[in-house]
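Colleague: output the structure for:
(2 chains, ligands or ions: 2)
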Amino acid sequence: MDKTPIISFKNVNKVYANGTVGLKNINFEIPQGEFLVVVGLSGAGKSTLLRTINRMHEITSGEIRVEGESIKPYKGRSLRLLRRKIGMIFQNFNLVKRSSVAKNVLSGRVSYYPTWKSILGLFSTTDKQKAVQALQRVSLAEKLYARADELSGGQQQRVAIARTLMQDPKIILADEPIASLDPLTTKTVMDILKRLNQEDGITVIVNLHSVALAREYADRIVGLRAGEVVYDEPIAAVTEADLNRVYQTV
Amino acid sequence: MTTQIPRRPWLQRWHVKPIGWTLIILILLVASSRMTGVDVGMFFSNLGQFTDLLVRMSRPAWDYLPIILHPLYETIQMAILGTTIGAAFAVPFAVLAASNLVHNRWLRGIIRLILDLVRTLPDLLLAAIFVAIFGIGSTAGVVTLAIFSFGMVSKLFYEVIETIDMGPLEALESVGANKLTIIWYAVLPQIMNQFVSYFLYTLEINVRASTVLGYLGAGGIGVFLQRSLNEFNYSQTSVIILATLVVVMVIDGISNHLRRVLL
Ligand SMILES: Nc1ncnc2c1ncn2[C@@H]1O[C@H](COP(=O)(O)OP(=O)(O)OP(=O)(O)O)[C@@H](O)[C@H]1O
Ligand SMILES: [Mg+2]
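Modeller: Ligands and ions are numbered 1, 2, ... in the order given. Okay, the predicted model is just below:
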């Protein structure tokens, strides 16, 4: 397997416009195919960290590389191509509620089409089949024509995962994907992410609040506190006592 | 033990603010009617003439109805055309004026200034100008209604856009979609039914407005309204008013129905 990390952070800092420190001197690498879980208190900078990888947030200094290339100079089309290979899953699912499941899933494919084709909805038959397959993978094929707001939270999150699959992503970023789900649906969603990681070799980075879940699914756990990495261990070396350090307030 | 309720500050206890505002508004009302010379007493003493008019209008000349059907039809066409053109132009302007989509404050400011300007122009002035340009007829009416609708609809539209859920936009951005695709996939579905309902609302206003525009020779039923009033033929006037009422009610019905279906 490829030895260069798929993502690397080098001296990354992020200060928000209002002076809040989002990230402080972040240095670490994520190898291809890893299932990484980021934990930390609310406000520790987990969302910020995730969003710097697909440049939804800009960093103040330092360098982030994706597949060996610095992402800083990207703009316009090259930035959209970066985002295309990085899927993102949100706490609130972020589906277009009034649109059908089919349209929501296909919207994950738009960056492969010229604008006029996406707008007219001229998707190829292959891609329409791909959408059905994506829904099959999250066990929701029968909901193809349902409206997104007719689905439960767990089902909506699975549709969001199907949308992401349409991108053919190499990386999936999931920002507290299960924060608004019950324990059973939580397991369904986490299992799907784990399967995509193992079967498709997609590198997965998940922000979680629950340490128990982190220990159950992660290959490696990174802990953030006040924008700094205060913990970074492979799952074999993780102990409860160590992890609690992340949650100390001082 | 009883819980001690904290005492309200005296400002709240004596309702200083609401009483103050009521007084100020009353004073302003009296002052403005003094200054503009509005005589409220005259309104009531001349109420008799008004009832007299109502009595004369209460006998609609129904045989007049077939004559006004065609101009009424023309009015509806004018209103539909004007509203459609205005609303179509309003969409891109509304997008550019929405603070959650356009972060460039200058661009947004300029667009809003243009929209404010358009809304300030009185529709009667517009009608007079376009009758002068295009001559008497429905073209002038359509152009006037288009501009009037544009001004009104674009403001309604951008206010709707500013209330949408930004989550789907974030999702589409993360997918790698460009601005236009994001608007198409994540913005339009969220606002479509409100757009339709505002469109129909404007259409309804335009049907009524076009009766007035007819006064200036901008075509439609208004020409007939003016004629009947000039001839003091109030039984014809009432037919025109009733017919217009029916049209407005039909549009209202369609609007309600669509809102139910689309929601
Ligand atoms: N747009 C912003 N402007 C200013 N400060 C911000 C902004 N977004 C986040 N912050 C601040 O940056 C810090 C990190 O926020 P972030 O959202 O990354 O935390 P988090 O670990 O994801 O928290 P949570 O678990 O609550 O989601 C917080 O102090 C937050 O207040
Ligand atoms: Mg967060």
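Colleague: rest of the way, CA atoms for contacts and neighbours
Modeller: Noted.
Colleague: ok, how many other residues are close to B:Leu172?
Modeller: 29 (other CA atoms under 10 Å in any protein chain shown).
Colleague: neighbours around the closest residue in space to it that isn't next to it in sequence, how many?
Modeller: Residue nearest to B:Leu172 in three dimensions, not counting chain neighbours: B:Ile182, with 5.9 Å by CA to CA, 6 or more residues apart in numbering or on different chains. Residues lying near B:Ile182 (other CA under 10 Å) number 23.
Colleague: is it true that B:Ile182 touches B:Leu169?
Modeller: Yes: the criterion here is CA atoms under 8 Å, and B:Ile182 meets it with B:Leu169 at 6.2 Å.
Colleague: next one: the residue most central in space within chain A from chain B, what distance?
Modeller: Nearest residue to the geometric centre of chain A (CA atoms, centre = their mean): A:Leu173, 1.2 Å. Going from A:Leu173 to chain B by CA to the nearest CA, to the nearest Å gives 10 Å.
Colleague: centre of the chain to the worst-scoring helix or strand of chain A on mean pLDDT, how far?
Modeller: Within chain A, no helix or strand scores below helix A:240-244, which has a mean of 77 by mean pLDDT, DSSP states H and E. Distance, stretch centre to chain centre, for helix A:240-244: 25 Å (CA atoms, centre = their mean, to the nearest Å).
Colleague: show residues contacting that helix.
Modeller: Helix A:240-244 has contacts (CA atoms under 8 Å, 6 or more residues apart in numbering or on different chains) with A:Val211, A:Gly223, A:Tyr231.
Colleague: residue ranges with poor pLDDT in chain A?
Modeller: For chain A, applying pLDDT under 70 flags the ranges A:1-2, A:249-250.
Colleague: where along it do the strands fall?
Modeller: A:7-15, A:21-30, A:35-40, A:61-66, A:69-70, A:86-89, A:171-175, A:203-207, A:220-225, A:228-234 (DSSP state E).
Colleague: tell me which of the contacts of helix A:240-244 is nearest to chain B?
Modeller: Among these, A:Gly223 lies closest to chain B (CA to the nearest CA), at 24.4 Å.
Colleague: wait, the closest one touches A:Val39, no?
Modeller: Yes: with contacts counted by CA under 8 Å, A:Gly223 reaches A:Val39, the gap being 4.9 Å.
Colleague: okay, and the common contacts of the two?
Modeller: Among the neighbours of A:Gly223, those also in contact with A:Val39 (CA under 8 Å, 6+ apart) are A:Val246.
Colleague: residues in contact with the lengthiest helix in chain A?
Modeller: Longest helix in chain A by number of residues (criterion: DSSP state H): helix A:183-200. Contacts with helix A:183-200, where a contact means CA under 8 Å, 6+ apart, come from A:33-35, A:138, A:154, A:157-158, A:177-178, A:202-204, A:217.
Colleague: go with 6 Å
Modeller: Taking contacts as CA atoms under 6 Å, 6 or more residues apart in numbering or on different chains, the residues outside helix A:183-200 that touch it are A:Gly154, A:Ile178.
Colleague: for stretch B:139-152, same thing?
Modeller: B:78, B:82-83, B:85-87, B:90, B:115, B:118-119, B:126-127, B:130-131, B:134, B:218.
Colleague: ok, now how distant is B:Ile110 from B:Ala97?
Modeller: Taking CA to CA, to the nearest Å as the measure, B:Ile110 falls 9 Å from B:Ala97.
Colleague: which one of these two has more residues nearby?
Modeller: Of the pair B:Ile110 and B:Ala97, B:Ala97 is the one with more neighbours under other CA under 10 Å, namely 29 against 13.
Colleague: so what's the more buried one up against?
Modeller: B:Ala97 sits next to B:Arg108, B:Ile111 when contact means CA under 6 Å, 6+ apart.
Colleague: switch to 10 Å and redo it
Modeller: Listed by CA atoms under 10 Å, 6 or more residues apart in numbering or on different chains, the contact partners of B:Ala97 are B:91, B:103-105, B:107-113, B:115, B:154-155, B:157-159, B:161-162.
Colleague: phi, psi of B:Ala140?
Modeller: phi -60, psi -40 (degrees, to the nearest 10).
Colleague: count of residues packed around it?
Modeller: By the measure other CA under 10 Å, the count of residues near B:Ala140 is 27.
Colleague: check what pLDDT it gets.
Modeller: Reported pLDDT at B:Ala140 in the predicted model: 83.
Colleague: and for B:Tyr158?
Modeller: 92.
Colleague: pretty sure it belongs to a helix, no?
Modeller: Yes: using DSSP: H, G, I helix; E, B strand; the rest coil, the secondary structure at B:Tyr158 is a helix.
Colleague: C-terminal to the lowest-mean-pLDDT helix or strand in chain B, what's the next element?
Modeller: Confidence across the helices and strands of chain B bottoms out at helix B:40-45, with a mean of 75, counting by mean pLDDT, DSSP H and E. Note on helix B:40-45: by DSSP states H and E, the next helix or strand toward the C-terminus is helix B:47-57.
Colleague: name the residues that touch that following helix?
Modeller: With contact meaning CA under 10 Å, 6+ apart, helix B:47-57 is reached by B:Phe43, B:Ser58, B:Phe232, B:Asn233, B:Tyr234, B:Ser235, B:Gln236, B:Thr237, B:Ser238, B:Val239, B:Ile241.
Colleague: roughly how far out does it sit from the chain middle?
Modeller: 29 Å.
Colleague: mind listing what's buried along that helix?
Modeller: Residues of helix B:47-57 classed as buried: B:Met57 (neighbour count, 16 or more other CA atoms under 10 Å in any protein chain shown).
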